[in-house]
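# sharing a sequence plus its predicted fold:
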Amino acid sequence: MTDVLERIAAYKREDVAARKAALSQDAVEARARLASAPRGFRAALERHVEETGHPALIAEIKKASPSKGLIREDFDPPVLAKAYERGGASCLSVLTDGPSFQGDDAFLGAAREATALPCLRKDFLVDPWQVAESRGLGADCILIILAMIDDALAAELLAEAKRFGMDALIETHDEAEMARACKLGGDLVGINNRSLRTFEVDLEVTERLAMLSPVRALLVAESGIFTPDDVARVSAAHAQAVLVGESLMRQADVEAATRTLLA
Ligand SMILES: O=P(O)(O)OC[C@@H](O)[C@@H](O)c1c[nH]c2ccccc12
């Protein structure tokens, strides 16, 4: 229980237990069914790639992180969501974790309502109950971080996502996790260039793992992407989409920065 990931998993399990005590599985599913219909997340990425021949952008709404501290002071999720949409993003990623990222569940719905873009709930899933909860909050896609959970739980999360009509981004960081992603059979796979244990970032991780990814999966390069050259580099390694937070969040003019990154 020493590294960051273990610490996050521990408080997440506690938090989920409290949430489940307040809202039964039936109640959380009823909420999920009331939510506005899922927007195709993977489909939006694929459409962009087919229409432009360029990688698609998943733009992240992130106020702070454990490795960087506060990233952006002037933080208004709907305003940022609209700027990303105008700048050419295909999808949004919204951090909802409070303790480590200063996120909030409400940011997800607020960003989603402000745009037509499909939204990923960026949080740490340690219980299938959280999938219905995510749908109830408006999520179109969930994140499955393989470094945090075993194959049985990952398969359950994937099945729940399917049951609620959502996509699931399966996140990997090394060869063993990529092999697990292949076995799980997901169609949307992320390669996180940042270690969630050491915070070390290296785009070489995408170059190494991309060739091991499932054939039918749409591949997302995540983290540490700052320049159009970085986008070109992971694209050359066959990533079809990029997930970018910090480099865009640090710019005063987010719309212009988004355009520049994609140019
Ligand atoms: O801000 P960056 O370096 O552009 O990274 C965005 C995104 O990839 C990163 O926030 C992320 C990727 N996987 C995660 C899992 C949990 C929390 C955060 C993340």
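The structure has been received and is ready for your questions. Numbers count the residues shown, from 1 in each chain.
# I figured residue 244 hits residue 225, correct?
Yes: counting by Cβ atoms under 8 Å, residue 244 touches residue 225, with 4.9 Å between them. No exception for glycine: its C-beta is placed from N, CA and C like everyone else's.
# just how off-centre is the lengthiest helix in the chain within its chain?
For the chain, the helix with the greatest residue count under DSSP state H is helix 4-22. Chain-centre distance of helix 4-22: 19 Å, with Cα atoms, centre = their mean, to the nearest Å.
# so what secondary structure elements neighbour it?
If you count contacts as 3 or more Cβ pairs under 8 Å, 6 or more residues apart in numbering; DSSP states H and E, helix 4-22 packs onto helix 98-101, helix 129-136.
# list the buried residues in the helix or strand just after the shortest one.
If I follow you right, that is helix 98-101. Downstream of helix 98-101, the next assigned helix or strand under DSSP states H and E is helix 105-114. Within helix 105-114, the residues scored as buried using 16 or more other Cβ atoms under 10 Å are 105, 107-112, 114.
# pull up the per-residue confidence for the residue in the stretch 151-263 of the chain positioned nearest to the ligand.
Closest residue of the stretch 151-263 of the chain to the ligand, Cβ to the nearest ligand atom: residue 245 (2.9 Å). Note on residue 245: pLDDT of 98.
# related to what we said a few turns ago, pull the CA atoms of the longest helix of the chain into PDB?
Provided in PDB are the C-alpha atoms of helix 4-22 (Å, rounded to 0.1, in the frame of the first residue of the first chain):
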ATOM      1  CA  VAL A   4      -0.100   6.400  -5.500                       C
ATOM      2  CA  LEU A   5      -2.300   3.800  -7.200                       C
ATOM      3  CA  GLU A   6      -2.800   1.800  -4.100                       C
ATOM      4  CA  ARG A   7      -3.600   4.900  -2.100                       C
ATOM      5  CA  ILE A   8      -6.200   6.000  -4.700                       C
ATOM      6  CA  ALA A   9      -7.700   2.500  -4.800                       C
ATOM      7  CA  ALA A  10      -8.000   2.400  -1.000                       C
ATOM      8  CA  TYR A  11      -9.900   5.700  -0.700                       C
ATOM      9  CA  LYS A  12     -12.000   4.800  -3.800                       C
ATOM     10  CA  ARG A  13     -13.200   1.600  -2.300                       C
ATOM     11  CA  GLU A  14     -14.200   3.500   0.900                       C
ATOM     12  CA  ASP A  15     -16.000   6.200  -1.100                       C
ATOM     13  CA  VAL A  16     -17.800   3.600  -3.200                       C
ATOM     14  CA  ALA A  17     -19.000   1.700  -0.100                       C
ATOM     15  CA  ALA A  18     -20.500   4.900   1.300                       C
ATOM     16  CA  ARG A  19     -22.200   5.700  -2.100                       C
ATOM     17  CA  LYS A  20     -23.600   2.200  -2.400                       C
ATOM     18  CA  ALA A  21     -25.000   2.400   1.200                       C
ATOM     19  CA  ALA A  22     -26.900   5.600   0.100                       C
END
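# does it come close to the ligand?
No: Helix 4-22 does not reach the ligand (Cβ under 6 Å from any ligand atom); its nearest approach is 8.3 Å.
# run through who's touching that helix.
Contacts of helix 4-22 from elsewhere in the structure, counted by Cβ atoms under 8 Å, 6 or more residues apart in numbering, are 1, 66, 97, 99-100, 124, 126-127, 129-130, 133, 147-148, 196-197, 199.
# what's the next secondary structure element after it?
Using DSSP H and E, the next helix or strand after helix 4-22 towards the C-terminus is helix 25-34.
# following that following helix, which helix or strand comes up?
Next helix or strand after helix 25-34 toward the C-terminus (DSSP H and E): helix 41-52.
# what packs against that next one?
Using 3+ Cβ pairs under 8 Å, 6+ apart, helix 41-52 is in contact with strand 56-61, strand 91-95, strand 167-172, strand 188-192, strand 218-222, strand 241-244.
# can I get those strands in TSV with mean neighbour count?
Shown next, in TSV, are the helices and strands packed on helix 41-52 (neighbours: other Cβ atoms under 10 Å):
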stretch	mean neighbour count
strand 56-61	27
strand 91-95	28
strand 167-172	26
strand 188-192	27
strand 218-222	26
strand 241-244	26
